[in-house]
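In: no sequence on this one, just coordinates:
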Ligand SMILES: Nc1ncnc2c1ncn2[C@@H]1O[C@H](COP(=O)(O)OP(=O)(O)OP(=O)(O)O)[C@@H](O)[C@H]1O
């Protein structure tokens with residue numbers, strides 16, 4: 001059997017008195033799209049930040065393509081693309097400048113036009129980052145995550161706040177990733193059902209189900225993934241306030 005691309009092994013993380021991640025173990029296989037689903041505060045972002053090497057687990061270990069995200073940071077940055085919830089991009093730089101800058105980080109970057117088309121930002125290439133709408137900024141951060149043809153992609157809230165057209169565009173972008181291994185944090189059941197091979201359902205820092213979307217629905221004896229979410233977590237799913 002091939003090696004798992006991502007191995008998260010008994011990972012714990014707390015912030016002061018708050019236990020954010022409570023003994024999570026999971027594997028993501030090569031080419032798989034794993035959805036990470038859970039209510040606000042379930043530990044999704046903390047988990048993917050530890051996979052990306054942005055946070056250090058208190059206990060347990062993480063391996064990505066055999067690399068330790070903290071120790072092998074430089075090597076990992078060449079094979080990992082990360083779109084996180086907050087972006088810290090320089091507001092005065094234009095879209096084209098940011099894409100150009102990110103392309104210099106990698107030996108064989110995707111062409112700039114391809115990146116802009118992927119997220120439908122070609123018309124905004126001269127616009128400064130600070131002048132983009134929130135949705136456009138988010139789309140740019142996805143393009144930048146894909147600039148270096150990463151083997152592993154982490155997408156945190158891929159389409160939160162995007163309008164329906166932009167959501168579908170981002171879904172197509174993810175569907176166009178054929179060989180890449182993807183971890184997709186989401187609140188959107190339709191997105192998870194459409195894009196994800198398997199789903200890790202998190203609640204209070206633990207994985208309470210890890211299966212295909214259909215498997216999770218079956219396990220909960222539910223009709224839909226949303227019903228399964230409610231049945232398994234006892235919580236209502238989050239809805240976006242600003243989705244059109
Ligand atoms: N930097 C931090 N300092 C203190 N507590 C934090 C910090 N980051 C997260 N937490 C807490 O850890 C828990 C897990 O947070 P995390 O952001 O990982 O959850 P999440 O599932 O991604 O939530 P959301 O859906 O709201 O993004 C929450 O209780 C949160 O308040």
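Out: On my side now, so go ahead. As the structure is a prediction and not an experimental result, all values here were calculated from the model.
In: within range of the ligand, give me the residues from the chain.
Out: Residues of the chain lying close to the ligand by Cβ under 6 Å from any ligand atom are 15, 18, 20, 38, 40-46. The way it works is simple: take the backbone N, C-alpha and C, and place the C-beta from them, glycine included.
In: and the contacts of stretch 175-185?
Out: Counting by Cβ atoms under 8 Å, 6 or more residues apart in numbering, stretch 175-185 makes contact with 5-6, 28-36, 44-45, 48, 51, 118, 146, 150-158, 174, 191-192, 195-196, all of which sit outside it.
In: oops, could you answer that again for stretch 131-139 instead?
Out: By Cβ under 8 Å, 6+ apart, the list of residues contacting stretch 131-139 from outside reads 83, 87, 89, 95, 119-121, 124, 127, 129, 140, 157, 160-163, 166, 169-170.
In: could you dump the residues of the chain next to the ligand to JSON lines with neighbour count?
Out: Output for the residues of the chain next to the ligand, formatted as JSON lines (neighbours: other Cβ atoms under 10 Å):
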{"residue": "15", "neighbour count": "11"}
{"residue": "18", "neighbour count": "11"}
{"residue": "20", "neighbour count": "22"}
{"residue": "38", "neighbour count": "28"}
{"residue": "40", "neighbour count": "8"}
{"residue": "41", "neighbour count": "14"}
{"residue": "42", "neighbour count": "25"}
{"residue": "43", "neighbour count": "25"}
{"residue": "44", "neighbour count": "26"}
{"residue": "45", "neighbour count": "20"}
{"residue": "46", "neighbour count": "22"}
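In: where do the strands sit along this structure?
Out: Under the criterion DSSP state E, the chain contains strands at 6-15, 18-28, 33-38, 59-64, 80-83, 152-156, 181-186, 198-203, 206-211.
In: could I get those strands as JSON lines with mean pLDDT?
Out: Below are these laid out as JSON lines (pLDDT from 0 to 100):
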{"stretch": "strand 6-15", "mean pLDDT": "98"}
{"stretch": "strand 18-28", "mean pLDDT": "97"}
{"stretch": "strand 33-38", "mean pLDDT": "96"}
{"stretch": "strand 59-64", "mean pLDDT": "97"}
{"stretch": "strand 80-83", "mean pLDDT": "93"}
{"stretch": "strand 152-156", "mean pLDDT": "95"}
{"stretch": "strand 181-186", "mean pLDDT": "96"}
{"stretch": "strand 198-203", "mean pLDDT": "96"}
{"stretch": "strand 206-211", "mean pLDDT": "96"}
